[in-house]
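Peer 1: I need the structure of the sequence given here:
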Amino acid sequence: MNRGRWSLLWLVAALTACEPATIDHSPTSNLLDAETASLETGLGAWTAWYAVTVSSASTAAREGEAVLRVEVTEPYGWGVSLDNWPGFAASPGAHRASFWARGSPGRSLVAEMRVLWRDSGGRELQAETFSSPVLSGQWVRTARELTAPAGTERVSVEVTGAEGAPGDVIELDALVVQALRAP
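Peer 2: Numbering: from 1, shown residues only. Have a look, this model is predicted:
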């Protein structure tokens with residue numbers, strides 16, 4: 001028996017001896033770069049947009065060791081955005097965007113992710129926004145299926161909130177924009 005068949009035989013035996021496997025991800029990868037999505041080595045392309053300070057914080061992260069910590073500095077709304085205009089490479093078609101968030105308990109904080117699809121020159125073709133439920137001290141995942149229009153070559157992301165008071169904290173983790181099929 002050749003080595004390739006032997007390895008395949010062991011893999012089949014190992015998989016049938018275990019509980020059923022659950023594949024919880026698409027075979028395509030996140031369009032955001034690893035640092036921007038995971039925050040493990042810094043902020044990536046994230047920057048304070050308005051009424052906040054941002055940092056990469058080592059707290060009880062949802063995934064990995066760090067989160068994007070957004071501390072509200074002014075009332076009446078807040079926002080963070082990517083500082084890599086016109087955004088990351090993307091293509092037209094079906095996508096899934098998602099993020100994990102938690103916020104100051106007892107407050108009515110909601111995080112909204114806005115995904116902006118752009119052409120090669122940076123012209124906005126379409127923007128889609130979706131909101132988390134009211135945040136608490138527990139992590140909640142928010143996801144939505146999106147369709148990038150014809151001509152899409154770039155994608156950018158903003159996360160905002162309409163509510164907030166100085167001292168409120170929102171933590172974001174595992175931010176994803178993912179093609180649902182290979183281009």
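
Peer 1: check which helices and strands the host helix or strand of Ser55 is in contact with.
Peer 2: Assigned by DSSP states H and E, Ser55 falls within strand 52-57. Packing contacts for strand 52-57, counted by 3 or more C-beta pairs under 8 Å, 6 or more residues apart in numbering; DSSP states H and E, involve strand 46-50, strand 67-72, strand 78-82. For glycine as for every other residue, the C-beta is placed from the backbone atoms N, C-alpha and C.

Peer 1: tell me where the chain has helices.
Peer 2: 3-17, 34-38 (DSSP state H).

Peer 1: with just CA atoms, put the last one into PDB.
Peer 2: By that I understand helix 34-38. What follows is helix 34-38, C-alpha atoms only, in PDB (Å, rounded to 0.1, in the frame of the first residue of the first chain):
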ATOM      1  CA  ALA A  34      -5.800  39.000   9.700                       C
ATOM      2  CA  GLU A  35      -4.700  41.900  12.000                       C
ATOM      3  CA  THR A  36      -7.800  44.000  11.300                       C
ATOM      4  CA  ALA A  37     -10.100  41.000  11.800                       C
ATOM      5  CA  SER A  38      -8.500  39.400  14.800                       C
END
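
Peer 1: just checking, what packs against that helix?
Peer 2: Using 3+ C-beta pairs under 8 Å, 6+ apart, helix 34-38 is in contact with strand 169-179.

Peer 1: tilt between the strand it packs on and strand 52-57?
Peer 2: Strand 169-179 runs at 80 degrees relative to strand 52-57, counting by axes from the mean of the first three to the mean of the last three C-alpha atoms, to 10 degrees.

Peer 1: strand 169-179 vs strand 46-50, what angle?
Peer 2: Comparing the axes of strand 169-179 and strand 46-50 via the same axes, to 10 degrees yields an angle of 120 degrees.

Peer 1: low-scoring stretches of the chain, by residue?
Peer 2: 1-28, 182-183 (pLDDT under 70).

Peer 1: ok, now with 90
Peer 2: 1-29, 35, 37-42, 56-66, 104-108, 181-183 (pLDDT under 90).

Peer 1: now Glu171: how far from Val70?
Peer 2: Glu171 sits 7 Å away from Val70, going by C-beta to C-beta, to the nearest Å.

Peer 1: of these two, who's got more company?
Peer 2: Val70 (31 against 25; other C-beta atoms under 10 Å).

Peer 1: can I get the helices and strands packed on strand 52-57 in a markdown table including distance to Phe130?
Peer 2: Compiled in a markdown table, the helices and strands packed on strand 52-57 are given as follows (distance: least, C-beta to C-beta, whole Å):
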| stretch | distance to Phe130 |
| --- | --- |
| strand 46-50 | 18 |
| strand 67-72 | 18 |
| strand 78-82 | 15 |
